[in-house]
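Participant: I need the structure of the sequence given here:
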Amino acid sequence: MSSEVYRTPDERFLDLPGFPFEPRYVDLDGLRMHRVDEGSGSPILMLHGEPTWSYLYRKMIGPLAAGHRVIAPDLFGFGRSDKPTERGFYTYDMHTLSIAHLVEELDLKRTTLVVHDWGGPIGLRVAFERPGRFARLVILNTGLALPGPRWPSAGFTAWRDFVERVGLELPVGSIVQRSTVSELPPDVIAAYDAPFPEPTAKTGPATFPLLVPIHQDDPDVPTMRAVRESLRSWTKPTLVMFSDADPVIPISVGERLAETTPGAEGLVRIEGASHFLQEDAGEELAERIGDWLEGS
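Facilitator: Now for the predicted structure:
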């Protein structure tokens, strides 16, 4: 393993609470990407965001895998996936291309895509660029940020400033705790910290917030705009679920997404949950998705 790529030792992932899943890997351009891959049937691809990993979906994987093949990868720089230590590696294009390669490698078809946080811009772009492989969307607390009167929000600006200030000392586990309503047990907080035993391992999480467009001339603005326009013409079944207590991505974002996406039938409001609604209401989300898949 090159000194320019950090690979978290396997022992960091032993006996994580609520996460009994066997690790599976695929090699993408010389880097190892990890995924949870459980069950059989029509595929459900779940994409995490910042600064989490597939552990975020642990409450949902088991119930949904009872009738489907559930795939939850770790983006490069996160979880059990390899972590290049150069900031320049981490771009919107790279993350999109790596997930697209995973979809092709696994030959996923008629896929239900579940996206959250940065998983939204990444996953939606993959779906719109390869529409033949995706049949449905589930959108959770994410957005397609474009600079304007409503963006960046005060909450995001504070978050971005914090990440710039702390850099590679980013306290991942405590960030997840601060963005949930639930009081997380210490071993769950430790599980979110597990992939990052040293500062150099945190290059991916420390870079993500800086990629979000906040100025009209930011390089990803045209691509993000194209993705947003594609969503406005997406007619396949779409389930939009947002929590009611997210300080960074307010529920009004979910309302607009539900109103402007032709395939959506309105917003499902998840009560008493914050940004990481998979922690606060994972069982409810799995039940709602399962029922929706049966009826769509």
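
Participant: so where do the helices sit in the protein?
Facilitator: 58-65, 92-106, 119-129, 154-166, 172-178, 186-193, 203-211, 221-231, 251-260, 277-295 (DSSP state H).

Participant: which other helices and strands contact the last one?
Facilitator: By that I understand helix 277-295. Other elements packing on helix 277-295 under the criterion 3 or more Cβ pairs under 8 Å, 6 or more residues apart in numbering; DSSP states H and E are helix 58-65, strand 111-116, strand 134-140, strand 238-243, strand 264-270. All C-beta spots, glycine's among them, are computed from the backbone N, C-alpha and C.

Participant: Reformat these into a markdown table and put mean pLDDT next to each item.
Facilitator: Formatted as a markdown table, the helices and strands packed on helix 277-295 follow (pLDDT from 0 to 100):
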| stretch | mean pLDDT |
| --- | --- |
| helix 58-65 | 98 |
| strand 111-116 | 98 |
| strand 134-140 | 98 |
| strand 238-243 | 98 |
| strand 264-270 | 97 |
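
Participant: In JSON lines: the ones you listed, plus mean neighbour count and distance to Q216.
Facilitator: Shown next, in JSON lines, are the helices and strands packed on helix 277-295 (neighbours: other Cβ atoms under 10 Å; distance: least, Cβ to Cβ, whole Å):
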{"stretch": "helix 58-65", "mean neighbour count": "21", "distance to Q216": "37"}
{"stretch": "strand 111-116", "mean neighbour count": "25", "distance to Q216": "25"}
{"stretch": "strand 134-140", "mean neighbour count": "24", "distance to Q216": "25"}
{"stretch": "strand 238-243", "mean neighbour count": "24", "distance to Q216": "26"}
{"stretch": "strand 264-270", "mean neighbour count": "17", "distance to Q216": "28"}
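
Participant: before we move on, back to that, please identify the deepest-packed of the helices of the chain.
Facilitator: Highest mean neighbour count of the helices of the chain: helix 119-129, a mean of 24 (counted as mean count of other Cβ atoms under 10 Å).

Participant: and that helix with strand 111-116, angle?
Facilitator: 150 degrees (axes from the mean of the first three to the mean of the last three Cα atoms, to 10 degrees).

Participant: re the thing from before, I'd like the helices and strands packed on helix 277-295 laid out as JSON lines, including distance to F78.
Facilitator: JSON lines is the format used below for these (distance: least, Cβ to Cβ, whole Å):
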{"stretch": "helix 58-65", "distance to F78": "15"}
{"stretch": "strand 111-116", "distance to F78": "13"}
{"stretch": "strand 134-140", "distance to F78": "17"}
{"stretch": "strand 238-243", "distance to F78": "22"}
{"stretch": "strand 264-270", "distance to F78": "24"}
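
Participant: So which of these is nearest A191?
Facilitator: Of all these, helix 58-65 sits nearest to A191, with 8.7 Å by Cβ to Cβ.

Participant: from the middle of its chain, how far away would the closest one be?
Facilitator: How far helix 58-65 lies from its chain's middle: 16 Å, per Cα atoms, centre = their mean, to the nearest Å.

Participant: Alpha carbons of it, in CSV - could you do that?
Facilitator: Extracted C-alpha coordinates of helix 58-65, given in CSV (Å, rounded to 0.1, in the frame of the first residue of the first chain):
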residue,chain,number,x,y,z
ARG,A,58,-27.2,-0.5,9.7
LYS,A,59,-30.8,-0.2,11.1
MET,A,60,-32.2,-0.3,7.5
ILE,A,61,-30.0,-3.0,5.8
GLY,A,62,-31.4,-6.1,7.7
PRO,A,63,-35.1,-5.3,7.2
LEU,A,64,-34.8,-4.4,3.6
ALA,A,65,-32.5,-7.3,2.8
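
Participant: between that helix and helix 186-193, how big is the angle?
Facilitator: Using the same axes, to 10 degrees: helix 58-65 against helix 186-193 is 80 degrees.

Participant: Quick one: residues contacting T261.
Facilitator: T261 is in contact with L137, I139, L231, R232, W234, T238, V240, counting by Cβ atoms under 8 Å, 6 or more residues apart in numbering.

Participant: How about the last one: what's its closest non-neighbour residue?
Facilitator: Right, V240. Distance criterion Cβ to Cβ, 6 or more residues apart in numbering; nearest residue to V240, sequence neighbours excluded, is A258 at 4.3 Å.
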